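Undergrad: Turn this into a structure:
(one chain, ligands or ions: 1)
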Amino acid sequence: MPYTVPKLTDYSAAALEKAAGECIAACAGEAAEVHSDAELKAFRDRWMARKNGILTQINDLWLKGAPKEAKREAGIRVNELKARITELVESAHIGGGNSDSLAADRVDITLPGVKRPIGAEHPVIKTMHEIVGVFQKLGYSVAEGPVVETDYYNFEALNFPPNHPARDTQDTLFIAGQQSKPQRERLLLRTHTSPVQIRTMEKMRPPLRIVIPGTVHRNDPPDASHSPMFHQIEGLAVDTNITFGDLKGTLDHAMKALFGSSVKTHFRPSFFPFTEPSAELYVTCFICGGSGKRGADPCRPCKQTGWIEVLGCGMVDPNVFEFVKDNGYDPRKVSGFAFGMGVDRLALLKYGVDDIQLFFQGDVRFLQQFG
Ligand code: PHE
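TA: Residues are numbered from 1 along each chain as shown. Predicted coordinates for the structure are as follows:
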C-alpha cells in the first residue's frame, strides 16, 4: 500500500512523533525502490511537488488543521520532518539504498582510469631553469623584480643619464599618460633585467651573488628572431675583491656546464653604461662545433663564423655603486661583475627551432614535443 498522509486528530507529542516516523520510513522505503531516471523523477514529484506533493499535503492536513494551542509544537515538528524528507529525496539515486542489486551502480576498479595529460614545461622556461640551476650550484640565489618599472631603475640608476643617446638602443615601451610625473618616476616596461641589480642592492648588503630571471619588453616588431616580449637572465656578483678574471672564469664554467665541456669562450670589447669595461661573450657554435660548416653547407645559426654571441657582461661601473652606496656598496671598497643573456635565443638554438613566434603562440601541437 503506498503511503498516504493521514489526518491527525491527536496532536500530542507522542502522536506527532509516531506520524512523522511513519512518514520518514515510507519515504526511505520508496527511495530504495528507485531504479530508473523516470522512477527517480516520479519519486521526487510525489514527495516534493508544490501542488499536492506529500510535503504540501502535510502542511495542509497537519498544520492548518491543528488546534490553536497545538500549532506551535506541530509547526516545529513539521519543519523537522520536512528537512528530513528533503534530505532523503535529494540524496535518492538510481539503484536506491540497496545499490548492490544494480551492476550499473558499481565501480569496476580493474578498469583503466581516466588519463589526464600533465602539461609539459615550456622550452623557454626549461632553458631558464637549466641556466639558473648552473648558477645556483655556484652559490647564487634567485632574485626577481617588477616588469613595469620606473625610469629610475631601468635607466637612471644604471648610469643612463636623462636624454643620453644610450637610451635609444633599448627601444623602450613607455606607459602612456606619465608626462605630469618627474622623469625618474615615469613608468615603462623594463627593457632588461638589470634594474633588479639596483633593487636587490638596495635591499641586501654585500657580498652578493644573484641571478635574476624574468620577462622584458622592447618595441621590436615580431618576426622570426624578434618578439616584443622575451626573457633574460641577469647575474650579479659583488664582493671586496672581484676581478675580470672572476667574471671570465665564472662565465666560462657556466657555458661549459650548459653547452658541453668542449665549448670555448671568447670575450669581445663592448659598451654598456652600467659596466666598465664591458664585453660580449661568444661561445663556439654548438651546432657546427666552431667550423662554420655543416657538412658541405654553411652553418646558419652562427652565420658561418663558428661563434655565437650569448650575452653582455662587464665589471659593475662605480657610478652604479654610487646609487646604493649607503647600503654598503662604497665603490672604493667593493667591486663586482654583471652579465645578462637572452634566454629565448638560446632555447631556439638548443632545440633547433627557427621561429621565435612559435614559442609564444601557445599552439599545443608545437609545445607537446617538449613534454
Ligand atoms: N642589460 C644588458 C642588455 O639587455 C645586458 C647586460 C647585463 C650587460 C649586465 C652587461 C651587464 O642588453
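Undergrad: Please make it C-alpha for all contacts and neighbour counts, starting now.
TA: Will do.
Undergrad: For the protein, give me the ranges with low pLDDT.
TA: 96-105 (pLDDT under 70).
Undergrad: Give me the residues contacting stretch 87-95.
TA: 27-28, 31-37, 40, 43-44, 47, 101-102, 105 (Cα atoms under 8 Å, 6 or more residues apart in numbering).
Undergrad: Would you mind naming the helix or strand containing G177?
TA: Using DSSP states H and E, G177 sits within no helix or strand.
Undergrad: one step back: now, of the contacts of stretch 87-95, which are buried?
TA: Neighbour-count burial (16 or more other Cα atoms under 10 Å) is assigned, among the contacts of stretch 87-95, to 27-28, 31-35, 40, 43-44, 47.
Undergrad: Sort out which of these are in helices and list them.
TA: Judged by DSSP state H, the subset of those located in helices is 27-28, 31, 40, 43-44, 47.
Undergrad: Was I right to think G312 contacts A279?
TA: Yes: here G312 reaches A279: they are 5.9 Å apart, a contact under Cα atoms under 8 Å.
Undergrad: Settle it for me: which of the two has more neighbours?
TA: Neighbours were counted for G312 and for A279 using other Cα atoms under 10 Å; G312 has more, 23 against 20.
Undergrad: Show the contacting residues for the more buried one.
TA: Contacts of G312 by Cα under 8 Å, 6+ apart are 270, 278-281, 339-341.
Undergrad: What ranges does the stretch 201-350 of the chain have for its helices?
TA: In the stretch 201-350 of the chain, helices defined by DSSP state H, counting those that start in this stretch lie at 244-259, 318-323, 343-351, listed in chain order.
Undergrad: And those: which comes nearest P221?
TA: helix 343-351 (15.8 Å; Cα to Cα).
Undergrad: what comes into contact with that closest one?
TA: 123-124, 127-128, 225, 230-233, 287, 301, 310, 353-356.
Undergrad: switch the cut-off to 10 Å
TA: 123-128, 131, 213-215, 225-227, 229-233, 259, 285-287, 301-302, 308-311, 352-356, 358-359, 370 (Cα atoms under 10 Å, 6 or more residues apart in numbering).
Undergrad: Please type out the PyMOL selection for whichever of those turn out to be buried.
TA: To isolate the buried members of those in PyMOL, using 16+ other Cα under 10 Å:
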select buried, resi 123+124+125+127+128+131+213+214+215+226+227+229+230+231+232+233+285+286+287+301+302+308+309+310+311+356+359
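Undergrad: Narrow the contacts of helix 343-351 to those in strands?
TA: 213-215, 229-233, 308-311 (DSSP state E).
Undergrad: that older thread, can you flag which of the contacts of G312 belong to strands?
TA: Short answer: the contacts of G312 in strands (DSSP E) are 270, 278-281, 339-341.
Undergrad: contacts with the ligand among these, please.
TA: 339-340 (Cα under 6 Å from any ligand atom).
Undergrad: Taking the stretch 151-300 of the chain, what residue is nearest to the ligand?
TA: Using Cα to the nearest ligand atom, the single residue of the stretch 151-300 of the chain nearest to the ligand is H192, 4.5 Å away.
Undergrad: residues near the closest residue to that residue other than its chain neighbours, how many?
TA: Closest residue in space to H192, ignoring its immediate chain neighbours: V216 at 5.5 Å, by Cα to Cα, 6 or more residues apart in numbering. Residues near V216, counting by other Cα under 10 Å, number 19.
Undergrad: go on, G245?
TA: 10.
Undergrad: correct me, but A176 touches L187?
TA: Yes: in this structure A176 lies within contact range of L187 using Cα atoms under 10 Å: 8.4 Å.
Undergrad: More neighbours: which of these two?
TA: The neighbour count for A176 versus L187, taken as other Cα under 10 Å, is higher for L187 (22 against 9).
Undergrad: That one contacts F174, correct?
TA: Yes: taking contacts as Cα under 10 Å, L187 lies within contact range of F174: 6.5 Å.
Undergrad: list residues touching both of those two?
TA: 148-151.
Undergrad: How about K303, nearest residue that isn't a chain neighbour?
TA: G292 is the one closest to K303 (Cα to Cα, 6+ apart), at 7.2 Å.
Undergrad: give me phi/psi at the one you found?
TA: Torsion angles at G292 (phi, psi; degrees, to the nearest 10) stand at phi 80, psi 0.
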